[in-house]
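S.K.: here you go, sequence then predicted model.
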Amino acid sequence: MSDETILWFGEEIGRLRDTVLRTPAFLLPASDVVHNDMNSNNVLTSSRHGFRIIDWDDLSGQGDAAMDYSVLLWPLLHDPSCPLWKEKVLAGAGAEVIERLELYFRAKLLDDVIDVLADYVEAEQVPEHREEAQRKAKAIHLHAYPQYLAKYGPG
C-alpha cells in the first residue's frame, strides 16, 4: 500500500465526515427507538409482506433508525430484494432515514476498504489463524476498494 493511498484514505474519511455534517437529514437529534442488533437473524418472515422483529434486549436508549436499517440491509445491498426493503423503509420511516441510510452504506463500504487492512496486519500476531484471516481481509479489501472508487470516485 503506497503512502499516497494511505493519505487518500484519510482524506476520504474527512470528505465523508464533511458530507455528513452538511447533510440536513443528519442535523436532527437521533431520537428513534432502535434495536441495536438489527440483523437478518432477528427478523422472522412469515410471508412476502409479513415479518416480525425479535430479540429486543436493549431498549435502554435512543439512536438512529437508519443505522439499524443499514445493518439489516447491508448484506442485501446487491440482492434483487433490496429495492423492496428500501421501499418498506421509506414507507415506514421517511425520506430522511433513506438519505442517512445511503451515507451509512457509503461509510460501511469505506470501512470494508480500510478496516480490514488493520485486520490483515493484526493477524500476524496469531500465527495459527494468520493465513485464513489475511486471506479474508485481502478478499474483502480487493472487492470493496474498486467498488468504492467506481461509486464515489478517487477523491
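M.R.: Received it, and whenever you're ready, just let me know what you need. A quick note: this is a predicted structure, and the numbers were derived from the prediction, not measured.
S.K.: look at the most centrally placed residue in the chain and report its pLDDT.
M.R.: Nearest residue to the geometric centre of the chain (CA atoms, centre = their mean): residue 108, 3.2 Å. You'll see residue 108 listed with a pLDDT of 94.
S.K.: other SSEs contacting the helix or strand harbouring it?
M.R.: In the assignment (DSSP states H and E), residue 108 maps to helix 95-122. Counting contacts by 3 or more CB pairs under 8 Å, 6 or more residues apart in numbering; DSSP states H and E, helix 95-122 is packed against helix 3-22, helix 65-73, helix 82-93, helix 127-152. From N, CA and C alone the C-beta is placed, and that goes for glycine too.
S.K.: tell me the angle of the longest one relative to helix 3-22?
M.R.: Spelled out, it's helix 127-152. With axes from the mean of the first three to the mean of the last three CA atoms, to 10 degrees applied, the angle from helix 127-152 to helix 3-22 works out at 60 degrees.
S.K.: which other helices and strands contact helix 127-152?
M.R.: helix 95-122.
S.K.: now the helix it packs on: buried residues?
M.R.: 96-98, 100-101, 103-110, 112-114, 116-117, 120 (16 or more other CB atoms under 10 Å).
S.K.: how far does that helix sit from the chain's center?
M.R.: 5 Å (CA atoms, centre = their mean, to the nearest Å).
S.K.: same check on stretch 109-126?
M.R.: Relative to its parent chain, stretch 109-126 has a centroid offset of 16 Å by CA atoms, centre = their mean.
S.K.: what of stretch 10-27?
M.R.: Counting by CA atoms, centre = their mean, stretch 10-27 comes out at 15 Å from the chain centroid.
S.K.: swap in stretch 133-153?
M.R.: Counting by CA atoms, centre = their mean, stretch 133-153 comes out at 14 Å from the chain centroid.
S.K.: for stretch 132-146, list the C-alpha coordinates in PDB.
M.R.: In PDB, the C-alpha atoms belonging to stretch 132-146 read as follows (Å, rounded to 0.1, in the frame of the first residue of the first chain):
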ATOM      1  CA  GLU A 132      -7.100 -17.500   6.800                       C
ATOM      2  CA  ALA A 133      -7.600 -14.100   8.400                       C
ATOM      3  CA  GLN A 134      -5.300 -12.400   5.900                       C
ATOM      4  CA  ARG A 135      -7.000 -14.200   3.000                       C
ATOM      5  CA  LYS A 136     -10.400 -13.000   4.100                       C
ATOM      6  CA  ALA A 137      -9.200  -9.400   4.800                       C
ATOM      7  CA  LYS A 138      -7.500  -9.200   1.500                       C
ATOM      8  CA  ALA A 139     -10.600 -10.500  -0.400                       C
ATOM      9  CA  ILE A 140     -12.900  -8.000   1.300                       C
ATOM     10  CA  HIS A 141     -10.500  -5.100   0.600                       C
ATOM     11  CA  LEU A 142      -9.900  -6.100  -3.000                       C
ATOM     12  CA  HIS A 143     -13.700  -6.400  -3.500                       C
ATOM     13  CA  ALA A 144     -14.600  -3.200  -1.800                       C
ATOM     14  CA  TYR A 145     -11.900  -0.800  -3.000                       C
ATOM     15  CA  PRO A 146     -12.800  -0.900  -6.700                       C
END
